[in-house]
Structure formats: C-alpha cells, structure tokens
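In: 3D, please:
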Amino acid sequence: MTKNSTLGFLLKCFEIFFILLITIISFIPFLWLILTSFKFRTDILSPVIKLFFSPTLSNYIKAFVEGEFSTYFINSSTIAICNVILCLFIGLPAAYAFSRFKVFGEKHLFFYILSTRMAPAIALVLPLYIFFRQIGILGTTTAVVIAHATFNLALVIYLMKNYFNDIPKEIDEAALVDGASEFDIFLKIILPNAKSGIIVVAIITFLFSWNEFLFTLLIGGSYTMTLTAAFPGLVTPLGTYWGQLAAVSVVVSLPVIFSVWYLQKHLVRGLTFGAVK
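Out: Numbering: from 1, shown residues only. Next up, the predicted model:
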C-alpha cells in the first residue's frame, strides 16, 4: 500500500468516524425523549439519571386513550393533508402559468406572492382572525387550512416554478404539434416529469402544516385542536406532565421521520432537480 493510498484510507476512516459521531450526538436528544416517554413519573423526576428502568406505556395510554390526544392527532393529520391538497391544487397551475406563459406584471406579481411568505406569522393572525369571524368560519378546520395555505402556497409556487422551468419547452411544442391542448400538456406531460419535485413540495408543505402552532392556537377552536397546539395543556398549575409530553412529542415526530425516510429518494432527486444543467 502506497503512502497516498494509506493517507486516503485514513482520511476516509476519519470521515466515517466524524459522520457517525455527529449522527450519534444529534440522535441523543431524541433518544432521551423516547426513553422519557416510557418512564414513570418518579423515574423522570429522579435526581439520578436512570438509563435502566422498568418501562411503562402509561404515558401513551393517559395521553391517547384516556386523554383527547388521539382526536388531536386526527385533527393534525386532516389539516395537514387538506392543506397539501389545497396548496397543490392552486399552486401547481399557478407555477405552470408563471413558467410557460407571459403574465402581465409577472415579476411584480411573483414578488408579491413571495412577500406573503416573508411576512411574520404574528402580523397576519389578527387580520385573518377578523376576516374568518366576519364570514363565520372562525374556529373551524376550514379556517385553519386556509390560514396555513397563506404561507405554504407561496412556497409551492416558488419551488414548482423552478422545477417546471427545467423541463424543456420543446416537449410542449412537440405535444402541441401532435394536437394536445395546454391542459393535456400540463396534466399528462409536465406533472409526470415533475413528480419528484411535487413529492418534495408536498412533504415540505405537510411538515410546515403539521408543525404549525400559532395559527392553529389562535384561529382554530377546541374542535380543531392539533397536537402541537395541545402541548400547553400538559403544563398545569399542579405541575408538568413530562411523561405525557414526551409521549406526544414522539408521536408528533414519527410521521415526519417515516415520511422523509420512505420518500428520501424523491427528496434527494427533487432538491437537486435543476442544480446541474
């Protein structure tokens, strides 16, 4: 083995060791959260750190069986999925129009759409609250979905416009020659070619809606309470229910972890789409 090959091997080993070290360090907080969710309250509040203990499912049972967090889980899933559907239904045609057609005031209009994403959420809560109250949907699932879409829609349009731009326009022209309509091109050619990008945008939109707290808390009602908005209910004057808090946190994290893990090939493809010409 030559000197250069030995040095390369050592650098490779160091790189692997460094990646594993960072991974382990990053995973420690989540591992501690999982362990806490299976501990009794006495073990959680013990001044001595207990890595070995008698596990229990009581925290999950109290939160999701005896408590109302199973309903909150359904609410979170419903709102996030409906938000994804709404944003894709509106955002994909809008992004396609910006990518393929000459729109009057295109640059100003596109910047205006992006500016809705730049505004802090707290600045939009009061106007949305008043608007939803006047039209009679305050405290409903519809109001929360629309509120989430005010932020996520701009992201969908911005990202998908870039994906559509990287699909050659010659494909559109060839389809038009063959007698296809613009709608056929969009539905049967553009969307299938941008599948990876659509999946990535759908995941990001879902995650933003799933993790959103402020709009759900202030605009939603008791019947639309989500997991993230219900967290403060576990902090009471009698104390904090740390076990249930950890159990709910684990459940909130699992859909995110599994969705990214299962769709990671699309995620990588979508995020690198258009990076290399």
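In: Could you check the helix ranked longest in the chain and say which residues are buried?
Out: Criterion DSSP state H: the longest helix present in the chain is helix 3-37. Neighbour counts over helix 3-37 (16 or more other CB atoms under 10 Å) mark 35-37 as buried. C-beta: built from backbone N, CA, C; applies to glycine.
In: Whichever helix or strand comes after that helix - what's its average pLDDT?
Out: Beyond helix 3-37 in the direction of the C-terminus, DSSP states H and E gives the next helix or strand as helix 41-44. Averaging pLDDT along helix 41-44 gives 87.
In: now what about helix 41-44, what contacts it?
Out: Contact with helix 41-44 is made by 36, 50, 53, 242-243, as judged by CB atoms under 8 Å, 6 or more residues apart in numbering.
In: which of the residues you listed count as buried?
Out: By 16+ other CB under 10 Å, these give 36, 242-243 as buried.
In: What is the nearest of those residues to residue 122?
Out: Residue 122 lies nearest to residue 242 out of those, by CB to CB, at 28.5 Å.
In: burial measure for the residue lying closest to the closest one once chain neighbours are set aside, as a count.
Out: Excluding the flanking residues, the one nearest residue 242 by CB to CB, 6 or more residues apart in numbering is residue 44, at 4.9 Å. Taking other CB atoms under 10 Å as the neighbour definition, residue 44 ends up with a count of 19.
In: okay, now residue 199: neighbour count?
Out: Residues contacting residue 199 under the criterion other CB under 10 Å number 16.
In: Return the list of helices and strands in contact with the helix or strand containing it.
Out: Using DSSP H and E, residue 199 maps to helix 195-211. Other elements packing on helix 195-211 under the criterion 3 or more CB pairs under 8 Å, 6 or more residues apart in numbering; DSSP states H and E are helix 69-100, helix 141-165, helix 242-262, helix 264-272.
In: what's the model's confidence in that helix, averaged?
Out: Mean per-residue pLDDT for helix 195-211: 88.
In: buried residues in it?
Out: Within helix 195-211, the residues that count as buried by 16+ other CB under 10 Å are 196-210.
In: what angle sits between that helix and helix 242-262?
Out: Going by axes from the mean of the first three to the mean of the last three CA atoms, to 10 degrees, helix 195-211 is angled at 170 degrees with respect to helix 242-262.
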